[in-house]
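Asker: sequence and predicted structure, then a few things I'm wondering about:
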Amino acid sequence: MTGTKTIFKKIIDREIPARIVYEDELSLAFYDVAPQAPVHVLVIPKREIPSLAAATESDQQVLGHLLWVIKKIADDLKLDQGYRVVTNIGQDGGQSVHHLHFHLLGGRQMKWPPG
C-alpha cells in the first residue's frame with residue numbers, strides 16, 4: 001500500500017461525500033456509486049485493512065462486527081427475501097480498492113454463478 005489515501009479512507013475522513021446508511025466507532029456503510037443491484041451498500045472497517053487476506057488474528061473482533069453490521073443493515077432495509085454479501089480479494093478476485101469492504105447486494109433475485 002502506498003502513502004496515498006484510498007477512496008474509502010477519504011470517505012471515512014469526510015473528504016469526499018457518500019450516502020451513509022450506518023456508522024459506529026468501528027465501521028461505516030454507504031451506498032455504492034455504481035450499484036449492481038437495487039440495493040448495493042458497501043460496509044467497511046474504519047481501521048485500514050487492505051483485504052480479508054491481510055487480516056490478522058487481532059482483526060477478529062472487527063471482522064465479526066462487520067458481519068453483524070451487514071445483518072443489521074439488511075434488516076433495516078427490509079431485505080426479507082434475501083441478499084448477497086461479497087468481498088473481493090486481490091487482482092484475480094476483482095479487488096479494485098485496497099481497503100477491506102463487503103458488498104451487500106439485494107432487492108432482486110441473485111444469479112449463480114456470480115462471475
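Answerer: Yes, it's here.

Asker: let me see the contact set for A29.
Answerer: Listed by CB atoms under 8 Å, 6 or more residues apart in numbering, the contact partners of A29 are 20-23, 41-44, 69, 73, 104. From N, CA and C alone the C-beta is placed, and that goes for glycine too.

Asker: could you do L105 as well?
Answerer: Counting by CB under 8 Å, 6+ apart, the residues that L105 touches are 36-37, 39-40, 83-86.

Asker: show me the contacts of A29 that map onto strands.
Answerer: The strands, defined by DSSP state E, take in 20-23, 41-44, 104 from these.

Asker: please enumerate the helices of the chain.
Answerer: Under the criterion DSSP state H, the chain contains helices at 7-12, 60-76.

Asker: and those as JSON lines, adding mean neighbour count, mean pLDDT and distance to L28?
Answerer: Formatted as JSON lines, these follow (neighbours: other CB atoms under 10 Å; pLDDT from 0 to 100; distance: least, CB to CB, whole Å):
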{"stretch": "helix 7-12", "mean neighbour count": "18", "mean pLDDT": "97", "distance to L28": "6"}
{"stretch": "helix 60-76", "mean neighbour count": "15", "mean pLDDT": "98", "distance to L28": "9"}
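
Asker: which stretch among these comes nearest I49?
Answerer: Ranking the helices of the chain by their distance to I49 (criterion: CB to CB) puts helix 60-76 first, at 7.6 Å.

Asker: which elements pack onto that closest one?
Answerer: Helix 60-76 is packed against strand 20-23, strand 27-31, strand 39-45, strand 83-86, strand 102-106, with contacts defined by 3 or more CB pairs under 8 Å, 6 or more residues apart in numbering; DSSP states H and E.

Asker: and the residue nearest to H103 when sequence neighbours are not counted, how many neighbours?
Answerer: Distances taken as CB to CB, 6 or more residues apart in numbering put V86 closest to H103, at 4.5 Å, once the chain neighbours are dropped. Using other CB atoms under 10 Å, V86 has 15 neighbouring residues.
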